[in-house]
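S.K.: Fold the following and give me the result.
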Amino acid sequence: MASYTKTNIFYISVGFWLSLGVESYDDWSNNVLTVQTGGSVTIPCYYDKKYTQQKKYWFSEIDKSNTYTNTTEQNLSVIDHPDQSLFTVTMRNLQNKHNGKYYCALETGEQPSTKTMYETYLKIQSAPDVSVVSSSVSGHEGGDISVQCVYSSDYQNKLKQWCRYKDQSCYTVGRTVTSQNSSVQISDDDGRRSFTVLMTGLRLNDSGWYRCSAGEALSPVHITVTEAETNKGKDISEPGHDKNNNTTKVIDKPQKDHELLTVWLPVSAALLLLLILIGVFIWRWRQRPKENEQQIRERNGSRNNDTIYSKPEDPVIYSTINDEDPNDANKDITTYSTIDHVPGSEAKPPAGGTTYSTVAPQQQQQ
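M.R.: Residues are numbered from 1 along each chain as shown. Modelled structure (predicted):
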């Protein structure tokens, strides 16, 4: 735990304290937070629960300014989280002009009137002395997570640590058992100038802010542990490590079931629509108007007549017209018609087979 010292000094050099009474702690006070140029960083400031209602602020020695909690600007946000007993400071688009010392402080409303919870020196570099692959890592209760911390060659032989902001507990290279089923293991790969922190058997209260450090240089990391699903118990599959964001991904059965459901729902809907269309087609086909027997006989009779008239074996009628002098009005025109019986035909010729017809010529009108 941190050891606190009470002093009564007049902080004239920086103009930070406006009162004679200042309470601060000396642990972690000589740290350097390294950030890449143009990047951003979030700094946690934990406080005692008894100060939940008190005013908190972020102080900069560079311009001697106070930024109180619940303030959001373009490149600076100071947000209070009373349920977690901390407020966070997020600085964005950091440049060399931001190099300097900063403080997390609050107004106690008592003596001493001002309390410093945390102080750090911010160092902006093109290649930070200490950085992390991901500043936010999440995992499930009972599962594992890993964090990769990178350091420069100047810090290759420095002490490597994984520390928690809330209680300032720290772990060094090796394996440390933190409870019956959980542990913290740190493996240093000096060839690649990085060390990996593996936390196993996660518990819900492991959530919070941590930091990777090599010597006095550090980089903060936020850990989120969520509840395990009741029907899943422990992770079904081996956790996979994502190199892009350094998070632990657990592929479980409910997730697979959800993916299958997402695929089959559209397919089932399409098949159901197809069956409905087929059923409508069959129903309309059966409901088409039916012909009665009279219409069928008439249609069949029409077809038979056409067939009869087109049969080559029907009787053939030959007619001979004897017109010796068509200009003679006194003469009749005699027509001889011979009807032969064609075998297979129902038509019968008249007796004798020959029909005589006389046609009188039409009198011309004068």
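S.K.: Every contact and neighbour count from this point should use C-alpha atoms.
M.R.: Will do.
S.K.: what packs against the helix or strand where residue 261 lies?
M.R.: Counting by DSSP states H and E, the element that carries residue 261 is helix 253-286. When contacts are defined as 3 or more CA pairs under 8 Å, 6 or more residues apart in numbering; DSSP states H and E, helix 253-286 packs onto no helix or strand at all.
S.K.: which stretches of the stretch 151-300 of the chain form helices?
M.R.: 253-286, 293-310 (DSSP state H, counting those that start in this stretch).
S.K.: Can you tell me which of the ones you listed has the worst average pLDDT?
M.R.: Lowest mean pLDDT within the helices of the stretch 151-300 of the chain: helix 293-310, a mean of 56.
S.K.: Give me the nearest residue to residue 72, chain neighbours excluded.
M.R.: Sequence neighbours aside, residue 78 is the residue nearest to residue 72 in space, at 6.4 Å (criterion: CA to CA, 6 or more residues apart in numbering).
S.K.: Tell me which residues touch that neighbour, please.
M.R.: By CA atoms under 8 Å, 6 or more residues apart in numbering, the residues touching residue 78 are 57-58, 67-72, 87-90.
S.K.: Mind checking which of those land in strands?
M.R.: 57-58, 67-68, 71-72, 87-90 (DSSP state E).
S.K.: List only those of these flagged as buried.
M.R.: By neighbour count, with 16 or more other CA atoms under 10 Å, the ones in strands among the contacts of residue 78 hold 57-58, 67-68, 87-90 as buried.
S.K.: so can I have JSON lines of those residues showing pLDDT and distance to residue 204?
M.R.: Shown next, in JSON lines, are these (pLDDT from 0 to 100; distance: CA to CA, whole Å):
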{"residue": "57", "pLDDT": "97", "distance to residue 204": "29"}
{"residue": "58", "pLDDT": "97", "distance to residue 204": "29"}
{"residue": "67", "pLDDT": "97", "distance to residue 204": "32"}
{"residue": "68", "pLDDT": "97", "distance to residue 204": "30"}
{"residue": "87", "pLDDT": "97", "distance to residue 204": "20"}
{"residue": "88", "pLDDT": "97", "distance to residue 204": "20"}
{"residue": "89", "pLDDT": "98", "distance to residue 204": "24"}
{"residue": "90", "pLDDT": "98", "distance to residue 204": "25"}
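S.K.: Columns distance to residue 200 on top of those residues, output as CSV?
M.R.: Shown next, in CSV, are these (distance: CA to CA, whole Å):
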residue, distance to residue 200
57, 35
58, 35
67, 38
68, 37
87, 28
88, 27
89, 29
90, 29
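S.K.: Now flag whichever of these is closest to residue 106.
M.R.: residue 57 (6.0 Å; CA to CA).
S.K.: Kindly report the domain assignment for this protein.
M.R.: The chain resolves into domains spanning 4-125, 130-254, 314-359 when parsed by automatic domain parsing.
S.K.: Worst mean pLDDT among the ones you listed?
M.R.: Of all the domains of the chain, domain 314-359 carries the lowest average pLDDT, namely a mean of 52.
S.K.: Not counting residues beside it along the chain, what's closest to residue 158?
M.R.: Closest to residue 158 by CA to CA, 6+ apart is residue 215, at 5.0 Å.
S.K.: who's in contact with the one you found?
M.R.: 155, 158-160.
S.K.: quick one: which of those residues has the most company?
M.R.: residue 160 (26 neighbours; other CA atoms under 10 Å).
S.K.: what bridges to that one?
M.R.: For residue 160, the beta-bridge partners under DSSP bridges are residue 214.
S.K.: residues touching it, list them.
M.R.: With CA under 8 Å, 6+ apart, residue 160 has these contacts: 172-173, 195, 212-215.
S.K.: what are the pairing partners of the longest strand seen in the chain, and which direction each?
M.R.: Longest strand of the chain, by residue count under DSSP E: strand 114-125. Here strand 114-125 has these sheet partners by DSSP bridges: strand 22-25 (parallel), strand 32-36 (parallel), strand 100-107 (antiparallel).
S.K.: what angle separates the last one from strand 86-91?
M.R.: If I follow you right, that is strand 100-107. Per axes from the mean of the first three to the mean of the last three CA atoms, to 10 degrees, the angle that strand 100-107 makes with strand 86-91 is 150 degrees.
S.K.: Extract the CA atoms of strand 100-107 and return them as CSV.
M.R.: Only the C-alpha atoms of strand 100-107 are listed here, as CSV (Å, rounded to 0.1, in the frame of the first residue of the first chain):
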residue,chain,number,x,y,z
GLY,A,100,6.0,18.3,-18.4
LYS,A,101,4.6,17.4,-15.0
TYR,A,102,0.9,16.9,-14.2
TYR,A,103,-1.1,16.1,-11.1
CYS,A,104,-4.4,14.4,-10.1
ALA,A,105,-5.8,16.4,-7.2
LEU,A,106,-9.0,17.1,-5.3
GLU,A,107,-10.3,19.6,-2.8
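S.K.: quick one: contacts of that strand?
M.R.: Residues contacting strand 100-107 (CA under 8 Å, 6+ apart): 45, 54-62, 113-123.
S.K.: can you check the second one too?
M.R.: When contacts are defined by CA under 8 Å, 6+ apart, strand 32-36 is touched by residues 41, 94, 120-131, 216-219.
S.K.: go on, stretch 45-54?
M.R.: Under CA under 8 Å, 6+ apart, the answer for stretch 45-54 is 82, 85-89, 104, 106-109, 117-118, 165-166.
S.K.: ok, residue 193 - contacts?
M.R.: 150-153, 156.
S.K.: Could you point out which of the contacts of residue 160 is nearest to residue 138?
M.R.: If you rank the contacts of residue 160 by distance to residue 138 using CA to CA, residue 212 comes first, at 16.2 Å.
S.K.: roughly how far apart are that closest one and residue 140?
M.R.: Distance, residue 212 to residue 140, by CA to CA, to the nearest Å: 21 Å.
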